[in-house]
Structures are given as C-alpha cells and as structure tokens.
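A.B. asks: Output the structure for:
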Amino acid sequence: MQVAVIKIDNQNSIISYNQTAKMLFGSLLNNPFNYNQLFNLESSSSESDKIHFENRDDIIIVIQKQCYLLQQIKESDETIFILQPIEYLKKRLSKVAIVGKQAFDLFATQSRTMKKLIAQAKAFSMQREPLLISGETGTGKDLLAYACHQYSPRGDHVFLGLNCAAMPDDVVESELYGHAAGAYPGVTESKKGFFEQANGGSVLLDGIDEMSFQMQTKLLRFINDGYFRRVGDDNEVYVDVRIICATKVDLALLVEQGKFRKDLYYRLNVLSLNLPPLKERFDDLDLLVKTFVTEFTDKQGIKPIKIDHDVIDYLSRYTWPGNVRQLKNVLSSALAQLTDSVLTVSDIVLPLPPTSQISWVDNEENRSLDEMVKQFEKEILVHLYDKFPSTRKLAKRLGISHTAIANKLREYGVSKLF
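C.D. replies: Sure thing, here's the model as predicted:
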C-alpha cells in the first residue's frame, strides 16, 4: 500500500511501522521519535497547510517533492501517524465514492428478494472469510462476485477469475499457484499464479463443484493459512487473497454423494449468497428490460428506443431457463434487427425451453395431468403466436383447423397478450 503508518507510545518510542514508512524514511526512524523534525513540521505548520478533519488538525507536508496528508491520531497510550500521498488519496476517495454508490448498480432490482440479497452481499463484502455464491446458470454469479470485490476494502486491488469446469488438474494448479522454471518440459521461466497476481485482492473460482479432490485438498490448505508452493518449487509463498467461489449446483448434495470434500464445504459455506432465478424476481423484469435496452442504445450510439406496453407482460409469461443472461441475449438479438424506434412483442423471439424447465413441471404434485397438458399447450401457443400472428397461419403451422386454434387462443387468453 502507498500509505505510510507509524505507531509510537507515550514516551515517543516507536512501536511499529509498515514497509512504506521504512522506504520513505529509512534510518530516520529512530528512538526517541522526533516527529516534528522527521515530518519537517516547523516549515509546514502554517494555517494554510492545515485541514480540519473530524476535529483534528491534519497537515499537508512535502516529502521528496511529493505532497502528503499527515494525520495524527492520539489514543490513550499511543499515537498513530498516517501519511497518504495526495494524488493517491484523491484516487482512493474518488474510487470509494464511485464504488460505494455503483458497485452493486450492475443489478437492476426493485424486488424485495434482490434488495435483501444486495444488503446481505454488502455486509459480506466487508469480511475476510471466503464467500460462496450459488445460483442457476445466467443469474449473474460472476457479476455479484466482482461487485462484492469492488465494494470491499480490497476494491482497488486486483480481481481475477478462473473457471474450474472441465480443466485438468495440472492446468488449474499452474494457473492458481504458478510454477517455477523447469517445472514442465520446455518451461525456462517461472510464472506467478492467480493468487500471487491478486495479492491484496480477490480471486473468483467459478465452477468450484467441478474441482478435483486433489485440488480441493490444496485449496483447503491455502484458505486455512495463506501459504502455498509453486509447481516445481520447494519455497513457500504467503499471500493475502480473498477467495470467492461460485457454483450452480448444491454443494451440500455433492458432499452427501461423496463428490465434494466435507471439510472444504464447511470452510467455504461461512458467508453464502444465493442468487434467485429470474422467474422468482419478475418484479425486476421491467427495470431489467429498460436497463438492457438503454445499455444497447448507448453502446451503439443510436437514439433511445421505446418499449411497447405489451412487452413486459409478454416476457413475464416465459420461464427464462437461462435467466438474466438469456433475457439480455434475447433483447440484444431483437434490438439488433429492429427497424423501428419501438420494441414490440413481434420483434422478440423466445426459444421454447427444455421440457424439464417448462413451468408446468414446477408444481406437478399439485396439478392433474389435464392441467399440466393445458399449461404446456398454452406455453407452445404463446411461444409460436408471435411468429404466426394470425389464427390461420398458426393453424397451418400446427396442422390443426382454424376453428380449433381460435378456440384454444380464446380459452387461454393468448391473443390478449399481443
């Protein structure tokens, strides 16, 4: 860090100081500690140099032609001096202001479920323990991980992510821990892994459920003490990295099945966040659609696009197996082909979801066969009606009579959606 910290006791003896202070002052850090002389306060104590901050007179001083803000914090038995370069302070304050306000703005939300999750995520962001994020495909686990990093005290340090899915052990090990020169045939130079590169920051391990037992064992040790060895190296390395893990499956179930280490699971499952699927947060649909449409127009540099009043109602009747990511992709495809300044239902193509993810399956225990068949039939009609927006065209597509289609559309109220 660029901030220098020096702590002294009531007898002006140095208790401790960090590496930045040592680099800045070197051999001048002697006892007894003469801070007036060290900081040249005699020549920097004019009223114009003082800043009143939290009832303290903090002073602007110049060291090696660089301006610093010197803060003197007095406690009962010790005094702490904190020196922050003005340029660093400006950047840090600017980043804090931006991050504090915008880190979680990636999540357009007005639903109670998501508001509760974001509040929980903000609280968990400030901790040092590993963070476990779960949720279906496309819910935004990687975005939530990055927002938590940005919002945390590590926000101005490195954030790196590795997808563990279907990666061989030697690749995962080399990427995370690095390797020494000669560790592999033809490798003549050493390489820092993600953990070293992100020292002071955060590392996201996506698809942690697919990490092998061998790599799980090594990860558990690293989480416990922060030490690891590069591949092919006998020397231990210590880093300060926060681990964020993401999974789309139930790790507890994998533990029961013997497919995931129980001790690692309980080490990771301290601070856990679960992102709800889109079908459980339809209150956010309107805001999400507006956000994605605005994002598209801004990126393309085109005029704002209006959203027809039937669009949200139409989209809310789809099950969205791919969640928010699928919603964004569907809208991007529709907007890319749009020839008008208004987005309508006829511009949107919704893929028919897999049978296992169609809504009638969700509550089959409470539905009769006839009810489930009708629900399935309705979803097919909703899906196809935008492509064949007349009863005659739809009847021809499905191979049944025009009268039968008209009756079914009337029965299910499908035509009212368009």
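
A.B. asks: Can I take it that Thr297 is in a strand?
C.D. replies: No. The assignment for Thr297 is helix, going by DSSP: H, G, I helix; E, B strand; the rest coil, so no strand is present there.

A.B. asks: List the residues that contact Gly201.
C.D. replies: Under the criterion of Cβ atoms under 8 Å, 6 or more residues apart in numbering, the contact partners of Gly201 comprise 149, 154, 157-160, 241-242. C-betas here are computed from N, CA, C, even on glycine.

A.B. asks: mind putting the residues you listed in JSON lines, neighbour count, secondary structure and pLDDT included?
C.D. replies: Rendered in JSON lines, the data for the contacts of Gly201 read as follows (neighbours: other Cβ atoms under 10 Å; DSSP: H, G, I helix; E, B strand; the rest coil; pLDDT from 0 to 100):
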{"residue": "His149", "neighbour count": "26", "secondary structure": "helix", "pLDDT": "93"}
{"residue": "Arg154", "neighbour count": "21", "secondary structure": "coil", "pLDDT": "90"}
{"residue": "His157", "neighbour count": "17", "secondary structure": "coil", "pLDDT": "90"}
{"residue": "Val158", "neighbour count": "15", "secondary structure": "coil", "pLDDT": "92"}
{"residue": "Phe159", "neighbour count": "19", "secondary structure": "strand", "pLDDT": "93"}
{"residue": "Leu160", "neighbour count": "18", "secondary structure": "strand", "pLDDT": "93"}
{"residue": "Val241", "neighbour count": "22", "secondary structure": "coil", "pLDDT": "95"}
{"residue": "Arg242", "neighbour count": "24", "secondary structure": "strand", "pLDDT": "95"}
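
A.B. asks: State the three-state secondary structure for Cys67.
C.D. replies: If you use three-state DSSP, then Cys67 falls in the strand class.

A.B. asks: Name the nearest residue to it, sequence neighbours excluded.
C.D. replies: The shortest distance from Cys67 to any non-neighbouring residue, by Cβ to Cβ, 6 or more residues apart in numbering, is to Ile86 (4.3 Å).

A.B. asks: List the residues that contact that neighbour.
C.D. replies: By Cβ under 8 Å, 6+ apart, the residues touching Ile86 are 60, 66-69.

A.B. asks: Please tabulate these in CSV, including the columns pLDDT, distance to Leu369 and neighbour count.
C.D. replies: Supplementary listing: the contacts of Ile86 in CSV, determined by pLDDT from 0 to 100; distance: Cβ to Cβ, whole Å; neighbours: other Cβ atoms under 10 Å:
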residue, pLDDT, distance to Leu369, neighbour count
Ile60, 71, 79, 15
Gln66, 73, 77, 13
Cys67, 77, 77, 14
Tyr68, 75, 76, 24
Leu69, 78, 73, 18
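
A.B. asks: between the residues you listed, which is nearest Asp250?
C.D. replies: The closest of those to Asp250 turns out to be Leu69 (Cβ to Cβ; 49.5 Å).
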